[in-house]
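In: Sequence and computational prediction follow.
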Amino acid sequence: MTHLIRNITSNTSFRSKKDETILQAALRNGHLYPYGCQSGACGACKTRLVHGTVKHLTRDPGVLSDDERAGGLCLMCQAVPQEDIEIDVKEIARAKEIEIKTLPTRVRKKNLLCEDVIQLYLSLPSTQKFEFLPGQYINILLKDGKERSFSIANTPAQAKKQGLELHIRIVPGGVYSSRVKEKVAVKDILRIQGPFGTYFLRKNEKQPIILVAGGTGYAPIKGLIEDAIENELNLPITLYWGARTKADLYLDEQAKHWAETIKGFSYIPVLSESTEGDNWTGRTGFVHEAINNDLPDASGYSVYASGPPVMVKALQDTFSNNGLDNEFFYSDAFDYAAANE
Ligand SMILES: Cc1cc2nc3c(=O)[nH]c(=O)nc-3n(C[C@H](O)[C@H](O)[C@H](O)COP(=O)(O)OP(=O)(O)OC[C@H]3O[C@@H](n4cnc5c(N)ncnc54)[C@H](O)[C@@H]3O)c2cc1C
Ligand code: FES
């Protein structure tokens, strides 16, 4: 049974197929709505259900607060229409449609960036065009039907020459990341699908930009910065990078270089567990606390935050309390798969 989905903001309508979520139906019909993890964990796809009923899929939509549920909010990646519905979503404008593809790639290079972060470059087939926006992510498809998401850390122009760049943190006991460390080698074939997500630079917004990375959340942020450089964006950019120790700032020299050479670019690393050996004289604590201290008035900025879900949530609360219009908070929460996924 199909249902009609009407977006009252854009005055557009499309139909969902049986058991399809609002997000799946929207993407299939060429409408780009905000989304991230697609698993009900990041909250990027929250929207207001104006009319009708939906059923949320298996995962408990715990990212919705009681107030949000009471206010009629739903998660588009989890909500399956049960009748014709009306929603209220700001569609994302894009220059052109980008096709989601499934492709074989070959591992071109594998480097250790620090004790527990691996950099992979994946060569794309020369006969296939793979388009993406810097900041988006791909899924690596595993043989047992599972998949793992990784953000692309370079731009399409760079990827054409070097391959897609990924930064993979080795999670102790992690099914896939530990395999990357021990088993994935140069010349191996990895099947990928993508690109996904709506974490990319909104180049039409002409306000100062705050970028916040937590750990390997630096990967998509590196893509955003290199996109801004290639496009001569010319806006003030402040990069905060939150990490545990100095070694975890695995491309610190690169960020420092940008701060020294790009007009209007500042770099503020923040360590939460610096060791004596770090001889750290910089900022300490959690990155959201540093931002709370530096930016009591966050109105008038565009903010991009990526990394662990708990950091992204803390940042969203901090920025919201400090006057940022939620519309200008873009995030990519690196949620991990549920135990059986
Ligand atoms: C949109 C998106 C983009 C992502 N981009 C990146 C990226 O660029 N780089 C990157 O390193 N990762 C990224 N991730 C996370 C990545 O997809 C995997 O979840 C991660 O590599 C762990 O996979 P695994 O198979 O090794 O661990 P799993 O076997 O899935 O996890 C095993 C257990 O380890 C614990 N665990 C797993 N991950 C974490 C974590 N991050 N924090 C705390 N505990 C954890 C959990 O208890 C979990 O049950 C992204 C995730 C999403 C949703
Ligand atoms: S909660 Fe829906 S995309 Fe993350």
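Out: Thanks, I have it. Ligands and ions are numbered 1, 2, ... in the order given.
In: which non-adjacent residue is nearest the closest residue to ligand 1 within the chain?
Out: Across the chain, no residue is closer to ligand 1 than Gly174, which sits at 2.2 Å (C-beta to the nearest ligand atom). C-betas here are computed from N, CA, C, even on glycine. Excluding the flanking residues, the one nearest Gly174 by C-beta to C-beta, 6 or more residues apart in numbering is Tyr336, at 7.8 Å.
In: pretty sure that neighbour is touching Val171, no?
Out: Yes - counting by C-beta atoms under 8 Å, Val171 is a contact partner of Tyr336 at 7.4 Å.
In: what's the domain layout of the protein?
Out: 3-88, 101-196, 209-333 (automatic domain parsing).
In: what about the first one and ligand 2, touching?
Out: Yes - looking at domain 3-88 against ligand 2 by C-beta under 6 Å from any ligand atom, the contacts come from Tyr35, Gly36, Cys37, Gln38, Gly40, Ala41, Cys42, Gly43, Ala44, Cys45, Leu75, Cys77.
In: for that domain, what is the average pLDDT?
Out: Here domain 3-88 scores 90 as its mean pLDDT.
In: looking at the domains of the chain, which is closest to Arg202?
Out: With C-beta to C-beta as the measure, domain 209-333 is the member of the domains of the chain nearest Arg202 (6.5 Å).
In: Ends of that closest one, what's the gap?
Out: 19 Å (C-alpha to C-alpha, to the nearest Å).
In: Does ligand 2 have contacts with it?
Out: No - shown here: domain 209-333 not in contact with ligand 2 (C-beta under 6 Å from any ligand atom), separated by at least 7.1 Å.
In: quick one: the strands in the stretch 1-150 of the chain?
Out: Per DSSP state E, counting those that start in this stretch, the stretch 1-150 of the chain carries strands over the ranges 3-7, 12-16, 46-51, 54-56, 73-75, 79-81, 85-88, 101-114, 117-123, 137-141, 147-151.
In: got these as TSV, with mean neighbour count columns?
Out: Compiled in TSV, those are given as follows (neighbours: other C-beta atoms under 10 Å):
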stretch	mean neighbour count
strand 3-7	19
strand 12-16	17
strand 46-51	17
strand 54-56	17
strand 73-75	24
strand 79-81	23
strand 85-88	19
strand 101-114	15
strand 117-123	21
strand 137-141	22
strand 147-151	22
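In: Columns distance to Ile225 on top of those strands, output as TSV?
Out: Putting the strands of the stretch 1-150 of the chain into TSV (distance: least, C-beta to C-beta, whole Å) gives the following:
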stretch	distance to Ile225
strand 3-7	33
strand 12-16	34
strand 46-51	27
strand 54-56	36
strand 73-75	30
strand 79-81	34
strand 85-88	33
strand 101-114	16
strand 117-123	16
strand 137-141	17
strand 147-151	13
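In: of all the ones you listed, which lies closest to Ala243?
Out: Short answer: strand 101-114, nearest of these by C-beta to C-beta, at 9.4 Å.
In: In terms of secondary structure, what does that closest one contact?
Out: Packing contacts for strand 101-114, counted by 3 or more C-beta pairs under 8 Å, 6 or more residues apart in numbering; DSSP states H and E, involve strand 117-123, strand 189-196.
In: which residue does the stretch 101-250 of the chain bring closest to ligand 2?
Out: Gly197 (8.1 Å).
In: count of neighbours near that residue?
Out: Look at Gly197: counted by other C-beta atoms under 10 Å, it has 25 neighbours.
In: what does the stretch 1-150 of the chain put close to ligand 1?
Out: Gly36, Cys37, Tyr137, Arg148, Ser149, Phe150.
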